[in-house]
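Q: Fold the following for me, if possible:
(one chain, ligands or ions: 1)
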Amino acid sequence: MSTIHPEKMIRPKRKITGMSAILLPYQADGQIDWTGFDGHVVSTLDAGLTPAINMDTGYANLIDEDTRTEALRRTQELASGRSYLGGVFVGDQSGADFNADAYAKGIQAVQSFGGTPILFQSFGLTSGSEDDIFNAYKTLAQHCDSFYAFELGQMFAPFGKIYSLDLYKRLMGIGNCLGAKHSSLDRSLEWQRIELRDQTRPEFLVLTGNDLAIDMVMYGSDYLLGLSTFHPAAFAARDRMWAEGDERFYQLNDLLQYLGTFAFRDPVPAYKHSAAMFLKLRERIATNQTHPNSPTRPDSDIEILKLIVRDLDTYLETL
Ligand SMILES: CC(=O)N[C@H]1[C@H]([C@H](O)[C@H](O)CO)O[C@](O)(C(=O)O)C[C@@H]1O
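A: Down below sits the predicted model:
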């Protein structure tokens with residue numbers, strides 16, 4: 001039996017840290033829409049959220065080195081001193097050894113543009129024993145000023161791994177590891193992490209990646225979501241309401257959750273097309289095109305997303 005009592009964990013008026021995975025938009029001719037990217041990074045920063053670039057929403061596993069670097073260069077300039085996260089993705093194959101050099105290179109690239117690295121898992125990072133995994137993070141931590149870890153369920157990526165609580169505790173003991181994104185879609189596992197964090201290192205950020213349970217912030221999670229890229233200002237407004245004890249938090253959260261449940265339905269990776277459709281409807285980007293190798297949604301989604309845009313706009317106007 002679990003010892004977790006979620007009802008006792010609710011943390012009213014907590015200040016939420018919001019991080020948002022930035023969508024990489026495309027033009028009709030298949031080129032990257034850098035103007036749309038810039039605008040989106042700026043509106044995320046201006047809303048008060050921390051942009052996370054070169055994440056899954058930025059097609060981390062599909063883009064080339066030059067694109068990754070260009071995203072970093074632009075974000076550094078736009079952030080002008082404000083903090084942002086850059087994904088460090090190491091593509092390898094099942095059975096591969098841990099490639100510390102490839103991680104170090106990615107970390108160095110993010111840091112050279114003033115970003116904070118968030119380390120994607122890889123086969124090489126997650127396939128060994130818990131001691132091996134811990135030692136790998138210890139090695140990588142030496143290359144970082146500070147960094148974030150990332151746990152990903154296997155339904156998302158074959159190299160993903162959700163760690164034992166014991167290993168999670170050891171990772172929290174790495175001083176310059178500021179937090180970890182948790183993407184298991186399992187509330188219990190996330191509550192366990194929050195509880196452990198509260199007991200051992202209260203300032204460590206448990207960043208929910210659960211777009212199907214965005215209310216995890218009520219219990220002590222912060223977030224690094226793909227969903228918040230659809231409407232950074234709405235997320236920021238919701239977070240402020242929680243911090244102020246404003247009961248309107250709940251209705252805004254409900255609207256955003258409806259969007260999340262729709263956009264992150266099976267097949268989940270097509271959420272990037274949903275995001276592009278939504279941002280296009282909101283006239284934030286020029287097209288709803290995705291990376292050519294990314295799965296798509298049917299056009300019939302657009303009518304539903306239009307209703308959600310309308311409901312959100314109507315609600316935000318009443319505030
Ligand atoms: C449910 C979940 O974890 N969603 C997250 C996804 C998946 O982790 C990723 O699609 C797996 O490949 O990644 C993000 O979009 C991202 O980092 O860009 C954030 C989003 O909150």
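
Q: show me what contacts the residue lying closest to Thr261 once chain neighbours are set aside?
A: Nearest residue to Thr261, sequence neighbours excluded (Cβ to Cβ, 6 or more residues apart in numbering): Leu212, at 6.1 Å. Glycine gets a C-beta too; all of them are placed from N, C-alpha and C. Applying Cβ atoms under 8 Å, 6 or more residues apart in numbering, we find Leu212 in contact with Leu185, Gln257, Gly260, Thr261, Phe264.

Q: Find the residue closest to the first one in space, skipping its chain neighbours.
A: When the adjacent residues along the chain are set aside, Leu185 lies closest to Asn210, with 5.5 Å between them (Cβ to Cβ, 6+ apart).

Q: And the last one, by the same measure?
A: In space, and not counting its chain neighbours, Phe264 is closest to Asp211: 4.5 Å by Cβ to Cβ, 6+ apart.

Q: And that neighbour, which helix or strand is it part of?
A: Here Asp211 is covered by no helix or strand, with elements defined by DSSP states H and E.

Q: go on, Val206?
A: Here Val206 is assigned to strand 205-208, by DSSP H and E.

Q: So which bits of this structure are right by the ligand?
A: 21, 55-57, 152, 156-157, 183, 185, 209-211, 225-226 (Cβ under 6 Å from any ligand atom).

Q: Please identify which of these is nearest to Ala237.
A: The closest of the residues of the chain next to the ligand to Ala237 turns out to be Leu225 (Cβ to Cβ; 14.9 Å).

Q: hang on, the earlier thing: show me which of the residues of the chain next to the ligand is closest to Asp29.
A: Thr57 (21.5 Å).

Q: show me the contacts for the closest residue to the ligand within the chain.
A: Using Cβ to the nearest ligand atom, the closest approach of the chain to the ligand is made by Gly226 at 2.6 Å. Residues in contact with Gly226, defined by Cβ under 8 Å, 6+ apart, are Ala21, Met55, Asp56, Thr57, Gly209, Asp211, Phe264, Tyr271, Lys272, Ala275.

Q: hang on, isn't the residue nearest to Leu185 packed against Trp191?
A: No. Counting by Cβ atoms under 8 Å, Asn210 sits too far from Trp191 to count as a contact (11.3 Å).

Q: quick revisit: would you quantify the distance from the residue of the chain closest to the ligand to Leu24?
A: Distance, Gly226 to Leu24, using Cβ to Cβ, to the nearest Å: 12 Å.

Q: What of Asn54?
A: Asn54 is 8 Å from Leu24, by Cβ to Cβ.

Q: quick one, which of the two is more surrounded?
A: Asn54 (31 against 27; other Cβ atoms under 10 Å).

Q: And for that one, nearest residue in space, chain neighbours not counted?
A: Gly87 (4.0 Å).

Q: which SS class is the one you found?
A: Secondary structure for Gly87, judged by DSSP: H, G, I helix; E, B strand; the rest coil, is strand.

Q: Could you pull out the strands in the stretch 201-319 of the chain for me?
A: 205-208, 222-225 (DSSP state E, counting those that start in this stretch).

Q: Where does pLDDT dip in the chain?
A: Along the chain, segments meeting pLDDT under 70 span 1-2.

Q: how about 50 then?
A: Residue ranges of the chain with pLDDT under 50: 1.

Q: any idea which helix or strand comes after the host helix or strand of Tyr137?
A: Taking DSSP H and E as the criterion, the element that holds Tyr137 is helix 130-141. Where DSSP H and E defines the elements, the next helix or strand beyond helix 130-141 is strand 147-152.

Q: So which residues make contact with that following strand?
A: 85, 107, 116-121, 137, 140-141, 159-163, 168, 171, 176-184, 205, 207, 209, 224.

Q: Spatially nearest residue to Ala276 (excluding sequence neighbours)?
A: In space, Ala276 is closest to Asn288, 4.2 Å off (Cβ to Cβ, 6+ apart).

Q: what residues are up against that neighbour?
A: His273, Ala276, Met277, Leu279, Lys280, Ile302.

Q: Does Phe37 belong to a helix, a strand or coil?
A: helix.

Q: measure Phe150 to Asn253 for me?
A: Where Asn253 is concerned, Phe150 sits at a distance of 24 Å (Cβ to Cβ).

Q: residue ranges for the strands of the stretch 51-200 of the chain, please.
A: In the stretch 51-200 of the chain, the strands defined using DSSP E, counting those that start in this stretch lie at 85-88, 116-119, 147-152, 177-183.

Q: Check the offset of the third one from the chain's centre.
A: In terms of Cα atoms, centre = their mean, to the nearest Å, the centre of strand 147-152 is found 10 Å from the chain centre.

Q: For that strand, list every residue counted as buried.
A: Buried residues in strand 147-152, counted by 16 or more other Cβ atoms under 10 Å: Phe147, Tyr148, Ala149, Phe150, Glu151, Leu152.

Q: first vs last residue of stretch 152-161, how far apart are they?
A: One end of stretch 152-161 to the other measures 6 Å (Cα to Cα, to the nearest Å).

Q: doesn't Gln31 make contact with Glu70?
A: No. Using Cβ under 8 Å, Glu70 is not in contact with Gln31, being 11.9 Å away.
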